[in-house]
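A.B. asks: can't give you the sequence, but here's the structure:
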Ligand SMILES: Nc1ncnc2c1ncn2[C@@H]1O[C@H](COP(=O)(O)OP(=O)(O)OP(=O)(O)O)[C@@H](O)[C@H]1O
């Protein structure tokens, strides 16, 4: 993400806006000069038509170009904001999971939504404003020097003092603005944190505590916001005091010199008019410098977020590999070869994990909580990279597969089955938007949702709320399973999908898994014995390594840990065998 590059992309619009602004400023600068000439013409009793016509022309040109300048620069600014949001959105979606999961989502939101707008708009507008103001101030000073350099020295002396103070204020304002952007981000994160778990907040009667916390964060943002406003509001008066002072000096001294005849009334009038004209651009110049400082703070935040490490492109056409068959290129759906993995500075989660899954059949993974089962799935999806060893899908090292290829070969149903706001159909066809109605009906039937969806008044077009609100936990899970079945992958990973289901639905889902396992490899993390005993093979995980592999009968005979796990299931009566 390169903001200067984005600004460069819109240089034509920016430069046109700047040229209009500069031409408008030149037309403005010409007006006091013409006024001086008008007063001279009146004094000489000469024709005033020419100076009046020129003044009117400059006035119109100034007004027209001023409007054109504001519109063009504003438009360029919006274009840059659009580019920044588009690129940032895409980079966030392609970011690497370990890096993304370290971010605070509210802060990501603040950076993507409001910092982009502040960064780009203020930079575009304030930069343009600075350039035109510099021309106005510089041009005004040159013309004033031509009228009377002594009066100019007095003016510069008074304004110089004020400008020094204003520059100091602008520096302080930048620091305050950066803090304010961070405080706004922290408030966004706080809000996101509680809104994402609103029912938990209510059930824990934590509304008051959380309201206090939100108020504390909002108060912090208010305090730093007020500091920014405070420095901003001192900028104008600092310049105004300078101009008022110089005006008083110029008028008093100038009048005295007009009285002695060392300065003409026309030149004094033009000089005073320049002084008035100087005030606005001078104030704008410092306001723009202040805005640029604020914008720089936002640019830093946007650039930081844009630098998030990226995965390679994962969207695109699904991969098509030759059918799994002993004489084809691949015979195992998944193969772990001495895989080791640790989350950053943490202790290893997987240690030398090795196993092979054939192309078809249901494999259950069992093990105590925290044994590393979900981590294995996340490694297969390449959300994380193993520290050692090799993982093969369809016979190929996943490190050599394109992500789009890998993720179309593997269907993943996560533990909490996330759904998106939208219709049931949109959720169902999310991984396969072109799915035919007959395939949709089959996937729904296999997941045991056919009757439920048919009974809904809007059927597949029923709208779901945030994260699939409107469906029960089990229905959400089955919809996620139907989505994966529709994708027809070579491998299906199911992470505790039967956890939310009643016995009838679980039985239906077991049939669905069995049917899917006839066409592809199904790897299911399971806690229910009823699912486990029907698996073609069971992998027993213990503290990050594979302890045993076998059928239920074999493991009951040979593995003590498995016997204990199975015994617990019998004891709690969670599922019948
Ligand atoms: N993002 C992470 N950062 C650091 N440690 C993590 C992260 N995710 C998981 N872990 C740790 O890795 C270990 C294995 O977690 P994992 O989710 O793979 O276990 P699991 O066997 O699937 O457990 P469960 O059956 O409870 O879902 C746990 O000790 C967990 O605390």
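C.D. replies: It's in. Not measured: the values here are computed from a predicted model. Residues are numbered from 1 along each chain as shown.

A.B. asks: Show me which residues of this protein are close to the ligand?
C.D. replies: 343, 346, 349, 367, 369, 370, 371, 372, 373, 374, 375 (C-beta under 6 Å from any ligand atom). Every residue, glycine included, has its C-beta placed from N, CA and C.

A.B. asks: three-state assignment of the spatially most central residue of the chain?
C.D. replies: In the chain, the C-alpha closest to the average C-alpha coordinate belongs to residue 112, at a distance of 3.9 Å (C-alpha atoms, centre = their mean). Following DSSP: H, G, I helix; E, B strand; the rest coil, the label given to residue 112 is helix.

A.B. asks: do the same with residue 205
C.D. replies: Going by three-state DSSP: residue 205 is coil.

A.B. asks: Quick check: of the residues of the chain next to the ligand, which has the highest neighbour count?
C.D. replies: Counting neighbours by other C-beta atoms under 10 Å, the top entry in the residues of the chain next to the ligand is residue 372, with 24 neighbours.

A.B. asks: Low-confidence stretches in the stretch 351-500 of the chain?
C.D. replies: Residue ranges of the stretch 351-500 of the chain with pLDDT under 70: 417, 499-500.

A.B. asks: Helices of that one, residue ranges please.
C.D. replies: Assigned by DSSP state H, counting those that start in this stretch, the helices in the stretch 351-500 of the chain fall at 373-380, 403-409, 424-428, 437-446, 450-455, 473-487.

A.B. asks: Please name the nearest non-neighbouring residue to the residue nearest to the centre of the chain.
C.D. replies: residue 88 (5.2 Å; C-beta to C-beta, 6 or more residues apart in numbering).

A.B. asks: Break the protein down into its domains, please.
C.D. replies: 3-306, 360-377+403-572 (automatic domain parsing).

A.B. asks: Just give me how far the first one sits from the chain centre.
C.D. replies: Domain 3-306 sits 26 Å away from the centroid of its parent chain (C-alpha atoms, centre = their mean, to the nearest Å).

A.B. asks: Looking at it now, give me its mean pLDDT.
C.D. replies: Summarised as a single mean, pLDDT over domain 3-306 is 85.

A.B. asks: ok, now stretch 556-569?
C.D. replies: Per-residue scores along stretch 556-569 average to 81.

A.B. asks: That stretch: how far from the chain's middle?
C.D. replies: 48 Å.

A.B. asks: Buried residues of that stretch, list them for me.
C.D. replies: 559, 561, 562, 565, 566, 569 (16 or more other C-beta atoms under 10 Å).

A.B. asks: and which of these is nearest to the ligand?
C.D. replies: Using C-beta to the nearest ligand atom, residue 565 is the member of the buried residues of stretch 556-569 that lies nearest the ligand, at 11.5 Å.

A.B. asks: The closest one touches residue 366, doesn't it?
C.D. replies: Yes. Counting by C-beta atoms under 8 Å, residue 366 is a contact partner of residue 565 at 5.7 Å.

A.B. asks: what residues do the two have in common as contacts?
C.D. replies: Both residue 565 and residue 366 are contacted by residue 540, under the criterion C-beta atoms under 8 Å, 6 or more residues apart in numbering.

A.B. asks: Just give the number of residues close to residue 52.
C.D. replies: 13.

A.B. asks: Excluding sequence neighbours, find me the nearest residue to it.
C.D. replies: Using C-beta to C-beta, 6+ apart, the closest residue to residue 52 is residue 38 (6.6 Å).

A.B. asks: quick one: contacts for that neighbour?
C.D. replies: 48, 51, 52, 55.

A.B. asks: quick one: what helix or strand has it in it?
C.D. replies: According to DSSP states H and E, residue 38 maps onto helix 11-44.

A.B. asks: what comes up buried for that helix?
C.D. replies: 13-14, 16-18, 20-41.

A.B. asks: that older thread, mark which of the contacts of residue 38 are buried, thanks.
C.D. replies: Counted by 16+ other C-beta under 10 Å, the contacts of residue 38 give 48, 51, 55 as buried.

A.B. asks: Please report the distance of the last one from the ligand.
C.D. replies: According to C-beta to the nearest ligand atom, to the nearest Å, residue 55 stands 71 Å off from the ligand.

A.B. asks: Repeat that for the second one.
C.D. replies: The span separating residue 51 from the ligand equals 76 Å under the rule C-beta to the nearest ligand atom.

A.B. asks: how about the nearest residue to that residue, chain neighbours excluded?
C.D. replies: In space, residue 51 is closest to residue 38, 4.0 Å off (C-beta to C-beta, 6+ apart).

A.B. asks: Could you name the helices and strands sitting against whichever helix or strand residue 86 is part of?
C.D. replies: If you go by DSSP H and E, residue 86 is part of helix 49-93. Where contact means 3 or more C-beta pairs under 8 Å, 6 or more residues apart in numbering; DSSP states H and E, helix 49-93 is packed against helix 3-9, helix 11-44, helix 116-147, helix 265-306.

A.B. asks: ok so, going back, now the angle from the helix holding residue 38 to helix 265-306?
C.D. replies: 170 degrees (axes from the mean of the first three to the mean of the last three C-alpha atoms, to 10 degrees).
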